[in-house]
Structure formats: C-alpha cells, structure tokens
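Asks: got a predicted structure plus its sequence, pasted below:
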Amino acid sequence: MNNRYSILNIAVSVIATTFVVKRLLQKPKVVAGQVVIITGASSGLGLALAHRFGKAGLKLVLAARNSDDLDLARKELLDAGSVGNEDDILLVACDVSDKHQVSDLVAATLDSFGALDVLINNAGVIEVGPAEDQTVEIYERAMAIDFFGALYATYAALPCMLGRRTGAIVNISSIGGKIAVPHLLPYVSAKFALTGFSQGLHAELRHKGIRVTTVCPGLMRTGGEAHTHFVGQVSKEKLWFQTAARTPLISANVHYAASRVFNAVNAGRAEITITPQAWLAARFAGCAPEATQAISALISTYALPGSAPREEMSNFS
C-alpha cells in the first residue's frame, strides 16, 4: 500500500512540475503590434481591458453602440497614456445584436490594420427581476446581445484566424453562466449558452492554433450596474443589486479583473473565474447541485423582493 502511495505521489509531483516548467518556458502570446477588438468598450470592464491591452502595445478596435461614448473612451485612453498614438485606436459604432454590423466591424478592422489577433466579446446587458415579471422579449434581448453578439463576432473573425492558424477569442461570460442566480434568469440563460459555446469552441479550435478563453467573473465594480434593466419592484431590485455590485468585499475591482483577463490570454488559458467567492461557488455548485438550488431558493424567498403588483410592473420589450 505504501509503495502505491509513493508511486502516486511521484507521478503527481512529476505532472505538477512539468506543468509549472511548461508555464515558465511558455512564450507570451500577447505582443506589441497585435490587433485586438473589444466589444462593449466604451465603459466598465471593456474600457479597463482597453487600458490594459493598450499599455501592452496592442492596436485597439473599440466597439460600442454610442459613438459619443467611444470618443470619450479614446480621450481617456490617450490622456492616461495607455495608448501613445491615436492612430492605434479605431472606433466603430456597432450594435452586436445585428450580425451585419458585427461583420462590418471585423471588415473595418482588417481594412485599417490588416490583421486581427485577439477578439474580446465583452458587450452585454443585465436584466434583473423576478421570473414572473420578465417577458419573452427580455429573454430575447439578453440572448441577442449576451450570446448571439459573441457568436456573430466569433464567426466573423474565424476566417481570418483560421487562415493564419493563430488568434485568441475571449468570451466574457459570468459566474451566472455556471450557477442559476435568482432574479437574473434572462442574463443567466444567455451566459449559460455563452459558457457552453465558449468551452466547446476551445475544444474544437485549440489544435488549429486558436485559443479560446472563457472568463467567468463574479460581481465587478464596473459602474455598469447603473445601466442595468430592472422589472418588478424596481426600487427594491435596484437596492439589492447595486449594493452588491458596489461592495468591495463582494465585488472585484474592474482593473484587477482586466489584468486577470490579460494574463489569461497571454498564457493561453482555457478558462478563469474571477474572485475567490465565485470560484468557490462554482465548485460547490458542481459538487452539490441540489444543495445549491435549495440555497438559491431560500435566498429568493427570504432575501429578494417579490413580484410587483400589476400597476407597478415595468415593461421592457
């Protein structure tokens, strides 16, 4: 028995040492002069990612729906010194839920810079409220932006990356793509779809030279909670969600999250989970799914607001 344990320990040590050495000797995959597209880049995590990749010397293609917000983002990047030359920033007004606009985004990138090395699918929308107050149209909007937006961008970028047999695709999913969080069902549905797509894409494209990284953050202090859509008892829904999103012990700093994403892409990681709380929650859910659902039900029953009276309901369509 002791001999078996000794052999097992040696085998584990050899595997672990090989893994560490391989990581240490691995060449960085993100280098100055490469081109990165970032969707949802005018604020929050997208803008923080622009700062981080810009500081590494990459040429930035920033996409968002509002061109005025993109202009402000470019000014911030230049004023902060994250990008030294304004010619290294391309702004493209783009609604990722429109596949034709997404195709135009990739085409504009290739026309301007002649290459596409990294695609970061970050654009997203959050819908908060109890299930009975959500509408089918809200689910359709969440899927259109959070899932299909990433799908459209990926398939627009793939021909270029497959032709060169190199590239990186980063899908910003969520811990909500691993655990069904109450009062976030449209968001959760879209993020579960994105997580599955991203993981499967990694398996199929890795041997073709394309690295796909799935990012599953917990709550982050991005400021994006101010643009979240709420239904039901709106004031109460805003209170719990915005409080959680702005609390340091619960949520992560957006610049810390951007650095984690950059390091993951640089190392060719398949998946990362940001914040220890999110990492532990995902593992617990995987080991004890029924217990996780029981806890979620208790939170929904006793900690979250109920559905709104008919006259107080908000309509999103």
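Replies: Everything's here; your move.
Asks: need the next SSE after the helix or strand of the chain with the lowest mean pLDDT, C-terminal direction.
Replies: Within the chain, judged by mean pLDDT, DSSP states H and E, the helix or strand with the poorest mean is helix 2-25; its value is a mean of 56. Later in the chain than helix 2-25, the nearest helix or strand by DSSP states H and E is strand 35-39.
Asks: could you point out the helix or strand that follows that next one?
Replies: Following strand 35-39 in sequence, per DSSP H and E, is helix 44-55.
Asks: what about that next one, average pLDDT?
Replies: Averaged over helix 44-55, pLDDT sits at 97.
Asks: skipping its backbone neighbours, what lies nearest the most centrally placed residue in the chain in space?
Replies: Nearest to the geometric centre of the chain sits residue 172, at 1.3 Å (Cα atoms, centre = their mean). Nearest non-adjacent residue to residue 172, counting by Cβ to Cβ, 6 or more residues apart in numbering: residue 122, 4.5 Å away. Backbone N, C-alpha and C define where each C-beta goes, glycine included.
Asks: and residue 197, which of the three is it?
Replies: Recorded secondary structure, residue 197: helix (DSSP: H, G, I helix; E, B strand; the rest coil).
Asks: what's the spacing between it and residue 119?
Replies: As judged by Cβ to Cβ, to the nearest Å, residue 197 and residue 119 stand 14 Å apart.
Asks: same deal with residue 99?
Replies: From residue 99 over to residue 119 the distance is 15 Å, taken as Cβ to Cβ.
Asks: who has more neighbours out of the two?
Replies: More crowded of residue 99 and residue 119, by other Cβ atoms under 10 Å: residue 119, with 30 against 16.
Asks: part of a strand, is that one?
Replies: Yes: per three-state DSSP, residue 119 lies within a strand segment.
Asks: so who does it touch?
Replies: The contact partners of residue 119, by Cβ atoms under 8 Å, 6 or more residues apart in numbering, come to 36-37, 153-154, 157, 167-170.
Asks: repeat that with 7 Å
Replies: Counting by Cβ atoms under 7 Å, 6 or more residues apart in numbering, residue 119 touches 37, 153-154, 157, 169-170.
Asks: check residue 180 too.
Replies: Contacts of residue 180 (Cβ under 7 Å, 6+ apart): 188, 296.
Asks: cool, the one 3 residues further on as well?
Replies: The neighbourhood of residue 183, defined by Cβ under 7 Å, 6+ apart, consists of 128-130, 237, 304.
Asks: what about residue 197, how many neighbours?
Replies: With other Cβ under 10 Å as criterion, residue 197 counts 18.
Asks: state the distance from it to residue 101.
Replies: For residue 197, the distance to residue 101 - Cβ to Cβ - is 20 Å.
Asks: what is the burial count for residue 144?
Replies: Considering only other Cβ under 10 Å, residue 144 is surrounded by 17 other residues.
Asks: typed the wrong thing, it's residue 287
Replies: Burial of residue 287 is recorded as 9 neighbouring residues (other Cβ under 10 Å).
Asks: residue 96 now?
Replies: By other Cβ under 10 Å, the residues close to residue 96 number 26.
Asks: that one belongs to a helix?
Replies: No: using three-state DSSP, the assignment for residue 96 is coil, not a helix.
Asks: and it, what does it touch?
Replies: By Cβ under 7 Å, 6+ apart, the contact set of residue 96 is 39, 102, 123, 145, 149, 152-153.
Asks: again, only this time at 10 Å
Replies: 39-40, 63-65, 102, 105, 121-124, 144-146, 148-153 (Cβ atoms under 10 Å, 6 or more residues apart in numbering).
Asks: got it, and residue 43?
Replies: Counting by Cβ under 10 Å, 6+ apart, residue 43 has contacts 64, 66, 69-70, 72-73, 76, 222-224, 226-227, 254.
Asks: poorly predicted segments of the stretch 151-300 of the chain, please.
Replies: Along the stretch 151-300 of the chain, the model assigns pLDDT under 70 to residues 224-226, 249.
Asks: brilliant, that's me finished.
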